[in-house]
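A.B. asks: When you get a sec, could you give me coordinates for this:
(chains A and B)
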Protein chains: 2
Amino acid sequence: MSEVYVIGHKSPDTDSICSAIVYAGLKGYKPARAGEINEETAYVLDYFKVPVPELLENAAGKKLVLVDHNEAGQCVDGHDQAEILEVIDHHKMNFNYPNPIFIHVEPVGSTATVIAKMFKDKVKENPTYAGLLLAAILSDTVVFKSPTTTEEDKAIAAELAQIAGIADINQFGVDIKKAKASIKGKPVADVVHVDFKDYDFAGKKVGIGQTELVDINEVYERQEEFINYLKELKESKNYDMVIFMATDIIKEGTELYFIGDPAIIEKAFGVKPQGNSVWLPGVMSRKKQVAPPVEKAYCQ
Amino acid sequence: MSEVYVIGHKSPDTDSICSAIVYAGLKGYKPARAGEINEETAYVLDYFKVPVPELLENAAGKKLVLVDHNEAGQCVDGHDQAEILEVIDHHKMNFNYPNPIFIHVEPVGSTATVIAKMFKDKVKENPTYAGLLLAAILSDTVVFKSPTTTEEDKAIAAELAQIAGIADINQFGVDIKKAKASIKGKPVADVVHVDFKDYDFAGKKVGIGQTELVDINEVYERQEEFINYLKELKESKNYDMVIFMATDIIKEGTELYFIGDPAIIEKAFGVKPQGNSVWLPGVMSRKKQVAPPVEKAYCQ
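C.D. replies: Now for the predicted structure:
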C-alpha cells in the first residue's frame, strides 16, 4: 500500500499540526502539513523536540487522512485527485465524497480532544503525544477562554498534562499563546494569512483571517495598513467579503475588520459597524462566533 | 430538554428502523420513522416482538439524530427547520450543517454494525437489541452477498447471533429476505418506492429505487408496466434520471431499468443498454455499485 498522509488545513495551526503528528504516529501513517507553521506551533514542536512535518504542496495521487478540517476550500491542493480515507475533525461539516469512508467528528474544542478520546490507552503510554495533544487543546480553546471549550476539553487536558508532566496547565497555555502574540515588525499580509480560512456561504466566497494578541493596540496603530491590505485582497481574489479578526486574549474580545457589505455584518452581529470595523466583546472564536452568524446573514 | 428523535431515511429499510430503535434505546431517545416500513422490517419487528416506531411526518422544530443517511434529499420533511444533533451512518457523505455536531460514519455494511461497535458492552446485555442489529446487518448486506460486506460485519454478526440466540445466521437471513422477496400482486409504484432514494449528482436530480427478489421473472413479466411507471415518475417529479434496480438475490445480479440519457448508463457501467434496461451480473448494491458510477458519469 502506498504511504498515507495525515494532513490538516492550508493555514496550519497547532491543532492541525499536532493532531496530524499524533494520529499518524498512532496509526503508522506519515504526518504532513499543507502550509507554513506559525510561531506558536514552532514553539510547541521545539518544546517537545518533535520535527516539523513534511510539507505536501500537492496531494494529487496520494492517500490522505484529513484532520481538523473537512471543507474542500481549506484542503491541500490536489485533494480532488487524491484518495481520502478518513476525516477526524471538530468543525461544522461541509463534506461531499463519493465513497463511504471513516468519519469521526465531535463538537469539542479541538481535534486533539477527539484523538485523545479515540486513543486514550495508547496516549497514556506516550508523554510526547500527550504533550502535543495538550498544547493543541490549549491553543484551539485559547487556554479554555474560547466559547468552543467544553468540560470534556478541560478534563482531558488535565489527564494529558499529568501524562506529559506539565505541572501548571494555564501557565503552559499562556507561554504557547505568547509565542505568536505580537505582530511587531511583521508585514500585514503575513499577519492576515497566518490563520486564514475560505468559506462558501450560500454561493458567496468569504475569507476570514484571525490573529490573537496580548495587546490589541498593535493592530489599532496600523489600522489603515490592514484595511488597505484587505481591500486589495478582496479585489485580487474576487471575495464577496474579507474579514480579519484581531482578537485580544487578555481583554477577551475581537476588533473585526471587514471589506464587503456592511449590512451583512450588521445582520450577523446586531451592531452597526463604524467604517470598516466593529468591536465585538467576548468574541474569541471564528468557528463558533463569527463564521455561523455571517453564513446565516447570507442565507436569509 | 425536548424529546430527541432518532430517525432513518424516507424509504425506511430494516437497517434504518432497527438502528433507530436500538440507538434510541441505548441513549434514552425516541425512535421514529420517516415513512412506511416494508414487509421485511415488519417480519423482523414481529420476530423480536418490538413495536413499530412512531411515524414522524414533519420534523420541523424537533431535535433529530440521523441514522443510516446524511443527505438532505433522503431526510424527513422539515429537517431544515429541525436541530440535528448527531449523524450515525455508513453511506457516502454529502452533508452540510452550520454547527459542529457529533458525526460517526464507517465504511461497513450497515449502520447496525457501527452501532454494535460503538456500544459493544451494552448490546451484550440485551438479546433483543442484538437480534435487531443482526437482522439489520443481514438485510443491508443481503446475507453477506453484497460487495458492501466487510469482515467486520461478519464477525460482529456472529457475536450478535450468539447474544440473540440465533443458531443459523444464514437461514435467519434468508427468512428475513424472503419476507419481501415477491412482488406478486403489488402495484408497480409500491415496488419502485418501497426502497427509493433521491440523489443530487453534480446538480442533476437522480432517483434510484431497488427491489430484491428470489425470482427476477416476476419483474420481467411486468416489464412494460415498470417502464411506463418510471417514465411517468421522471416527468411528474422532474428527474434527470430515474433508475429501478431489480436485484435477484439468488442469481446475484441486477436488471437495471432507467429513464434518462442512455449515454450516462453506458459511461457508468461500460455496457450499452438495450432499450430501457441492462443486466448487470454481480451488481447487488445501490450504494457501492450503482450510485457512485452514475455520479461519476455525470461529473465527467
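A.B. asks: what does the stretch 201-300 of chain A have sitting close to chain B?
C.D. replies: A:287, A:292, A:295-296 (CB under 8 Å from any CB of the partner chain). For glycine as for every other residue, the C-beta is placed from the backbone atoms N, C-alpha and C.
A.B. asks: show me what contacts the residue in the stretch 151-300 of chain A positioned nearest to chain B?
C.D. replies: Going by CB to the nearest CB, chain B is nearest to A:Pro292 of the stretch 151-300 of chain A, at 5.3 Å. Contact analysis of A:Pro292 by CB atoms under 8 Å, 6 or more residues apart in numbering or on different chains lists A:92, B:98-99.
A.B. asks: Give me the three-state assignment for the spatially closest residue to A:Gln289 that is not a sequence neighbour.
C.D. replies: Of all residues not flanking A:Gln289 in the chain, A:Val283 sits nearest, at 4.7 Å (CB to CB, 6 or more residues apart in numbering or on different chains). The three-state assignment at A:Val283 reads coil, by DSSP: H, G, I helix; E, B strand; the rest coil.
A.B. asks: pretty sure A:Val283 contacts A:Gly253?
C.D. replies: Yes: A:Val283 sits in contact with A:Gly253 when judged by CB atoms under 8 Å, with a separation of 6.1 Å.
A.B. asks: between these two, which one's more packed in?
C.D. replies: Neighbours were counted for A:Val283 and for A:Gly253 using other CB atoms under 10 Å in any protein chain shown; A:Val283 has more, 22 against 17.
A.B. asks: Look up how far A:Pro293 lies from the more buried one.
C.D. replies: Per CB to CB, to the nearest Å, A:Val283 is found 10 Å from A:Pro293.
A.B. asks: A:Tyr220 too?
C.D. replies: 24 Å.
A.B. asks: Bridge partners for A:Phe196, pull those for me.
C.D. replies: With beta bridges defined as DSSP bridges, A:Phe196 has these partners: A:Gly209.
A.B. asks: tally of neighbours for the nearest residue to A:Ala164 once chain neighbours are set aside?
C.D. replies: Closest residue in space to A:Ala164, ignoring its immediate chain neighbours: A:Gly131 at 3.6 Å, by CB to CB, 6+ apart. Neighbour count for A:Gly131, taken as other CB under 10 Å: 23.
A.B. asks: Doesn't A:Gly131 belong to a helix?
C.D. replies: Yes: counting by three-state DSSP, A:Gly131 is found in a helix.
A.B. asks: Tell me how far it lies from chain B.
C.D. replies: 25 Å (CB to the nearest CB, to the nearest Å).
A.B. asks: what's the answer for A:Leu138, then?
C.D. replies: 19 Å.
A.B. asks: Contacts only, for that residue.
C.D. replies: A:144, A:157, A:169, A:172-173, A:176-177.
A.B. asks: Give me the lowest-pLDDT entry from those.
C.D. replies: Least confident of those in the model: A:Lys177, at 89.
A.B. asks: Is that one in a helix, a strand, or coil?
C.D. replies: Classification of A:Lys177 by three-state DSSP places it in helix.
A.B. asks: My guess is it contacts A:Thr247. True?
C.D. replies: No: between A:Lys177 and A:Thr247 there is no contact under CB under 8 Å: 10.6 Å.
A.B. asks: neighbour count winner among these two?
C.D. replies: A:Thr247 (25 against 22).
A.B. asks: A strand includes the more buried one, no?
C.D. replies: Yes: judged by three-state DSSP, A:Thr247 forms part of a strand.
A.B. asks: ok, for it, nearest residue in space, not its chain neighbours?
C.D. replies: A:Thr254 (4.5 Å).
A.B. asks: Check the spacing between that neighbour and A:Tyr199 real quick.
C.D. replies: 17 Å.
A.B. asks: Please say which of these two ends up with more neighbours.
C.D. replies: A:Thr254 (27 against 21).
A.B. asks: How about the contacts made by A:Asp153?
C.D. replies: Per CB under 8 Å, 6+ apart, neighbours of A:Asp153: A:108-110, A:113, A:137, A:141, A:144.
A.B. asks: how does it look with 6 Å?
C.D. replies: A:108-109, A:113, A:137, A:141 (CB atoms under 6 Å, 6 or more residues apart in numbering or on different chains).
A.B. asks: of all those, which comes closest to chain B?
C.D. replies: A:Val108 (8.2 Å).
A.B. asks: Quick check, that closest one in contact with A:Glu151.
C.D. replies: No: using CB atoms under 6 Å, A:Val108 makes no contact with A:Glu151, being 9.6 Å away.
A.B. asks: Which of the two has more residues huddled nearby?
C.D. replies: Neighbours of A:Val108 and A:Glu151, each counted by other CB under 10 Å, are more numerous for A:Val108; the result is 24 against 8.
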